[in-house]
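Novice: fold the following and give me the result.
(2 chains)
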Amino acid sequence: MKKLSILFVLFLLGACAKPSLPSIDPSVDFVASLNTADGTIDFISTEQKVLESWQLDASYTGFTLVSDDLLLLYGFTLKKAVLIQLSTGKQLATLDVKEGTTFAYAYEENIYIANGKENTVTLFNKKGEALAEAATGNYPMSIIAHDDNLYVVNFKDEILSIFSLDLTEKTTWDIPNSSHGLFVNGNELWLGGHGAGSSPNRVIHRYDIATGELLGEIETPMMPVNMTKAANGHIFAVSHGSSTVYEISETGEVLASLKAGANPFAIETFGDNIVLAGYDDHHLYFIQSGEVANKVHVGKGPFQLVVREASK
Amino acid sequence: MKKLSFKIWMLLLLFITTTIVFLVIFTNFLYEELYVQHTEMSMKEVAENLQRTYDGGVVTNEFIKQTEDYNRFSDVEVFTVRNPRELSACLPFDIDYDTLIGAEERAELLDGNAITKRGYEKRFDRDVASVIYPLVDENRLEGIIYVYVPLTKITEMASSDVLFLLVIVSLLLICLAYISLKSLQRVLKPLAVLNEAALDMAAGKYDTRVKVESQDEVGELGKSFNHMASSIQQEDDKKRDFLSIVSHELRTPISYIKGYGEAFEQNLIPEEKKAEIYTLITREANRMQKLTNDLLTVARSETLAEVETSPLVLAETIRETVQLVKTMANEKEITFANSIDEETILCADEQKTKQILINILENAIRYSPNNSIITISNKTTKKETTILITDEGCGIESEHLAHITERFYRVNKARSRSDGGTGLGLSIAAQLVEVQNGKLAFDSEVGKGTNVYITLPIWEDTFA
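Specialist: Down below sits the predicted model:
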């Protein structure tokens, strides 16, 4: 009887334990794509080969690197976000978030979770403990931190909320509806977006990061939603409506444009490559010197990219 | 109890309503399946033609203008969309905007497949049939060609005239209901007339007849009713005649007896006449007795269901019968020529057979002249024998022959019963022949004589 009980307990433990995902060598650099249409993550090496593929067990809609060995996964319909150790593939902690997670942003030791149903931003530590929470505008999504400030774009609203790093609200700016994609360029905060209603947005707005004053617009049709700074100091912006990548100087001048990918949402710098995720054609595009140098097939619907360059 | 006409009318109304409903559904089906299918085919043709002119890259203003031009001359609505927001390009984002195509449609279109839809489209606020063709360049959905036609349902088409349509349909229904009711009444009216006639008949009005106007089943029924009414009336007439004749026949001898009785009572009869009067009274009393006996026989034979038959030697029976009527024949010096086959054995009731022969022979004697001969012979077939009795009497006219077996039928109406007949003899003979499964037939020639054929079954063991 005693043996039986032990067996039963073991069985329960076995049933509860999550099977771990394939581990990722901590010394390897990668760019990873979260493919939301089929629920996979593909890790691509510097050699532009698929290192590993993870099949996820829940409908995750976003991910972010919290540290070089810690990946946070979250989903809009999920009540828990998970922290997974890349070197072991094991789940280290869970974050009790509420349904409606739209975005997660890791900055130093903090994890900020935006919730589009509750209209809040919650601050967690790396152990998964919630530390603070603040109300935002309607549907907070894009987040970026700069100089002790946390900039939160309210996607279905016309305001940008600014908090201290411990989530004390400081101020708000007026921005267009459906804004998305934040980038800090010196003293400027660049903001992309989809545009409201049926008219697609064609520009990146340039705001004074200290005052929120609109400094100008950079014509980047259609619907610029993501930006990254390349090794040469230029900013690359992706406009998903026209599947175009724009190369922009630090002064905000469009230097070049390139049509690449099908409906790309994510762009990242990986070494001396600009990596672009084509949501509709399921490929990652490696752009070098203004041309597509290579493309790698990934899972269906690559929506976000993260880059780990551990060697740097 | 609901009338038959009401039931049939209800059934007709049900059929009419079902037909109208079926027609509406069927028309709708035809509209859906044929008209809409045809429209979809032509829309696909339009879209394919336009799609062929797209040569990749960004969808240009020229291309959009070309679609609009096409639209101007086509009976379908066609437009090109290149706005990525309408094409659900922002799909992973939760956009507060109703796009022209949904997520699944976008995926289909990205694979290069066309989409055919039928149903309510919020953008146009109506039911439409539409086809969407993708404009794809290197896996990029650069735009779509959207072709549609409003699915103007028949009901919607008449939506402004729905009241009018309802009124028309209602009027049609009322008209059809009225026409069917009137037709039914017309068809079934003879039945009501028949019903009334039957009630009249039951009340004793036997001269009731219905007017037959149609040649159908109801008309046939009317004819049958009239035939039945005639038969009943005839029977009734016969009954009346019978009763009046019986009372008349009885009254005559009673009057004689009563008259002479009273004369005797008052001593009015001279002595020398008394013997003659006694004979007269006895004769009349006998006639009355014979008449009542005959009536009794008639009444009995009418209710006779079965006859007890036995083997009967025909020759012997004839001889015995002839012996019984010998006295009567002798009065008129009539002789019998008997050539009956000695071998013939009847399958019959002895008493009844004798009664038949007596009645026939008495009749023959009665109407034969003095010194004549009555011939009796027979002819046998496999199952029966026919006895032939021939006299040399005055004969019977052919128009009377068919009636001579009727009760109290008189060939000569003026003739009295002075010959001693009751008028029931042949009628009784015919009944008795019939109950023994036989046949009685006559033929006659006026002035020459009459032949009587009595056919009776023979005892089959004779030939066994």
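Novice: CA only for contacts and neighbour counts going forward, please
Specialist: OK.
Novice: close to chain A: what parts of the stretch 51-200 of chain B are there?
Specialist: B:83-86, B:89-90, B:92, B:95-97, B:110, B:138-142 (C-alpha under 8 Å from any C-alpha of the partner chain).
Novice: sketch out the low-pLDDT regions of the chain for me.
Specialist: Since you didn't name a chain, this refers to chain A. A:1-19, A:311-312 (pLDDT under 70).
Novice: not quite, I wanted chain B
Specialist: B:1-2, B:153-162, B:302-305, B:412-421, B:461-464.
Novice: any idea which residue of it lies closest to chain A?
Specialist: B:Arg140 (4.7 Å; C-alpha to the nearest C-alpha).
Novice: most neighbours, which of the residues of the stretch 51-200 of chain B next to chain A?
Specialist: B:Leu141 (29 neighbours; other C-alpha atoms under 10 Å in any protein chain shown).
Novice: mind listing what that residue touches?
Specialist: By C-alpha atoms under 8 Å, 6 or more residues apart in numbering or on different chains, the residues touching B:Leu141 are A:Ala262, B:Leu109, B:Leu110, B:Pro134, B:Leu135.
Novice: kindly report the same for A:Pro221.
Specialist: A:Asn201, A:Arg202, A:Val203, A:Ser239, A:Gly241, A:Ser242, A:Thr244.
Novice: cutoff 6 Å now
Specialist: A:Arg202 (C-alpha atoms under 6 Å, 6 or more residues apart in numbering or on different chains).
Novice: same check, this time on the one 5 residues further on
Specialist: Residues in contact with A:Asn226, defined by C-alpha under 6 Å, 6+ apart, are A:Gly181, A:Ala237, A:Val238.
Novice: could those go into TSV alongside neighbour count?
Specialist: TSV is the format used below for the contacts of A:Asn226 (neighbours: other C-alpha atoms under 10 Å in any protein chain shown):
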residue	neighbour count
A:Gly181	24
A:Ala237	29
A:Val238	34
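Novice: so which of these sit within strands?
Specialist: A:Gly181, A:Ala237, A:Val238 (DSSP state E).
Novice: on that earlier part again, nearest to A:Pro26 among the contacts of B:Leu141?
Specialist: Top of the list for closeness to A:Pro26, among those and by C-alpha to C-alpha, is A:Ala262 at 31.7 Å.
Novice: now the closest one: which helix or strand?
Specialist: For A:Ala262, there is no enclosing helix or strand under DSSP states H and E.
Novice: my read: it touches B:Asp137, true?
Specialist: No - here A:Ala262 lies out of contact with B:Asp137, judged by C-alpha atoms under 6 Å, at a distance of 9.1 Å.
Novice: before we move on, back to that, quick one, what contacts the residue of chain B closest to chain A?
Specialist: B:Arg140 sits in contact with A:Ala262, where contact means C-alpha under 6 Å, 6+ apart.
Novice: next: A:Ile24.
Specialist: A:Ile24 neighbours (C-alpha under 6 Å, 6+ apart): A:Leu86, A:Ser87.
Novice: make sure it is indeed in a strand.
Specialist: No - looking at A:Ile24 with DSSP: H, G, I helix; E, B strand; the rest coil, it is coil, so not inside a strand.
Novice: need phi/psi at A:Glu309.
Specialist: Backbone geometry at A:Glu309, expressed as degrees, to the nearest 10, gives phi -120, psi 80.
Novice: surely it touches A:Val31?
Specialist: No - counting by C-alpha under 6 Å, A:Val31 is not a contact partner of A:Glu309; they are 8.5 Å apart.
Novice: which positions in chain A make contact with chain B?
Specialist: Within reach of chain B by C-alpha under 6 Å from any C-alpha of the partner chain, chain A has these residues: A:Gly197, A:Gly241, A:Ala262, A:Asp281.
Novice: out of those residues, list just those in strands.
Specialist: Among the residues of chain A next to chain B, no member lies in strands (by DSSP E).
Novice: need those residues in a markdown table (columns: distance to B:Lys65).
Specialist: Formatted as a markdown table, these follow (distance: C-alpha to C-alpha, whole Å):
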| residue | distance to B:Lys65 |
| --- | --- |
| A:Gly197 | 23 |
| A:Gly241 | 21 |
| A:Ala262 | 25 |
| A:Asp281 | 29 |
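Novice: most neighbours among those residues, please name it.
Specialist: In terms of neighbour count, A:Gly241 stands highest of the residues of chain A next to chain B at 30 neighbours, by other C-alpha under 10 Å.
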